[in-house]
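Engineer: sharing a model that was predicted from the sequence below.
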Amino acid sequence: MESYALLVAATLNAGTVLAIAALGLLINERAGVVNLGAEGMMLCAAIAGFATVVHTGSDWLGFLAGMGAGAVLAAVFGVLVIYLSTNQYATGLALSLFGVGFSAFVGIGYVQEKLPQRPSFEIPFLADIPLVGSAFFKQHPLVYGVIAFVFGLMWFFYKTRTGLVLRSVGESPESAHALGYSVRRIRFYAVVAGGALCGLSGAYISIAYTPLWVEGMVAGKGWIALALTTFATWRPARILLGAYLFGGVTMLQFHLQGLGVQIPSQWLTALPYIATIVVLALISRNPAWIRINMPASLGKPFHPGS
């Protein structure tokens, strides 16, 4: 039973990585912008956060550095696609490719570096509960923070004026512009905020999830996070549940290996990506359902003068 408790704990940890990035991409897409550069932003943030912790010894400065790296790259992306009207999909792919190469180049000197002793976290008393304690109450603070953030984002989107305006920009930018709102500025802020969250996710990988730096260590998680927004039909709570589902599939491979299941390791490693493809294929069978839930102007440029 203890092994199952550890599997649950690992699932929450792995799901947190995906949830943070996917929630950032959700903010982008709710404003009508598709950013395919999550993988590159997360990699750059991972090396930025890791290098900061190596030199300062502070995890929280590392997280801030990762968020800053993600925000800067997202700002460049935002200027290109929002103000210079470049193609969102091509620019996002270029950003992803840039991040892969740039992080590999910058991170050469950090491959052998080690972080200071990792702190352990637990909630007093609750962590001592048999099985449940080790599964749910010995997690990094960001694991609980992302759950609180989901509820905060739901309140922001559906209960605040600013959230309603952001959603209106993604649904009908022409109407929002006619009411006097700066569509481009709102989209730019949403893109930067989404990039900062992708950066936080990348930094979490290299600082807390697997505290080391290896070239390409994000390993497709940015693409899975991007798929999660569609899987969750652009709803924050569903993104969290989907992140835990994919996190569980990711951790299942290690659990099965520990149980001695005789399955080729290549198949086990491919499980998260196979699950992503299967889920997207199932969702795509009902395009009308996707159209009903997705922001109406997603991926469409907006020109104030037109």
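Structural biologist: Nice, I can see it. Numbers count the residues shown, from 1 in each chain.
Engineer: which residues touch whichever strand or helix holds Y89?
Structural biologist: Using DSSP states H and E, Y89 sits in helix 88-106. Contact partners of helix 88-106, identified using CB atoms under 8 Å, 6 or more residues apart in numbering, comprise 33-44, 46-47, 51, 73, 76-77, 80-81, 215-216, 222, 299, 301. Backbone N, C-alpha and C define where each C-beta goes, glycine included.
Engineer: try stretch 120-139
Structural biologist: Here stretch 120-139 makes contact (CB under 8 Å, 6+ apart) with M1, E2, Y4, A5, L6, V8, A9, L12, N13, H140, P141.
Engineer: for the closest residue to the last one other than its chain neighbours, give its distance to D128.
Structural biologist: To tie it back to what came earlier, the one meant is P141. Excluding the flanking residues, the one nearest P141 by CB to CB, 6 or more residues apart in numbering is F121, at 6.3 Å. Here the criterion is CB to CB, to the nearest Å. By it, F121 lies 14 Å from D128.
Engineer: now Q112. Its backbone dihedrals?
Structural biologist: Here is the backbone geometry of Q112 (degrees, to the nearest 10): phi -100, psi 0.
Engineer: G299 now?
Structural biologist: Per-residue torsions, G299: phi 80, psi 0 (degrees, to the nearest 10).
Engineer: pretty sure it contacts V34?
Structural biologist: Yes: counting by CB atoms under 8 Å, G299 touches V34, with 4.6 Å between them.
Engineer: when the two are compared, which one has more neighbours?
Structural biologist: Neighbours per residue, other CB atoms under 10 Å: of G299 and V34, the larger number sits with V34, 19 against 14.
Engineer: now for the more buried one: which residues touch it?
Structural biologist: Contacts of V34 (CB under 8 Å, 6+ apart): N28, Q88, Y89, G92, L298, G299.
Engineer: most neighbours out of those, which is it?
Structural biologist: Ranking the contacts of V34 using other CB under 10 Å puts N28 first, with 30 neighbours.
Engineer: host element of that residue?
Structural biologist: helix 2-30.
Engineer: what do you get for A46?
Structural biologist: Assigned by DSSP H and E, A46 belongs to helix 38-56.
Engineer: may I see the buried residues of that helix?
Structural biologist: By 16 or more other CB atoms under 10 Å, the buried positions in helix 38-56 come out as 38-54.
Engineer: show me what that helix is packed against.
Structural biologist: Contacts defined by 3 or more CB pairs under 8 Å, 6 or more residues apart in numbering; DSSP states H and E place helix 38-56 against helix 2-30, helix 59-78, helix 88-106, helix 183-204, helix 221-231.
Engineer: quick one: distance of the third one to the chain centre.
Structural biologist: Once both centres are worked out by CA atoms, centre = their mean, to the nearest Å, helix 88-106 turns out to sit 16 Å from its chain's centre.
Engineer: which parts of that helix are buried?
Structural biologist: Within helix 88-106, the residues scored as buried using 16+ other CB under 10 Å are Q88, T91, G92, A94, L95, S96, F98, G99, V100, S103.
Engineer: now do the helix or strand that comes right after it, average pLDDT.
Structural biologist: Note on helix 88-106: by DSSP H and E, the next helix or strand toward the C-terminus is helix 132-136. The average pLDDT within helix 132-136 is 82.
Engineer: pull the CA atoms of helix 132-136 into CSV?
Structural biologist: C-alpha atoms of helix 132-136 as CSV (Å, rounded to 0.1, in the frame of the first residue of the first chain):
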residue,chain,number,x,y,z
VAL,A,132,-2.7,9.5,3.3
GLY,A,133,0.0,11.7,4.9
SER,A,134,2.8,10.5,2.5
ALA,A,135,0.5,10.8,-0.5
PHE,A,136,-1.0,14.2,0.0
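Engineer: got the buried residues for that helix?
Structural biologist: G133, S134, A135, F136.
Engineer: how about those in a markdown table, adding distance to G109?
Structural biologist: Listed next are these as a markdown table, based on distance: CB to CB, whole Å:
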| residue | distance to G109 |
| --- | --- |
| G133 | 40 |
| S134 | 37 |
| A135 | 38 |
| F136 | 38 |
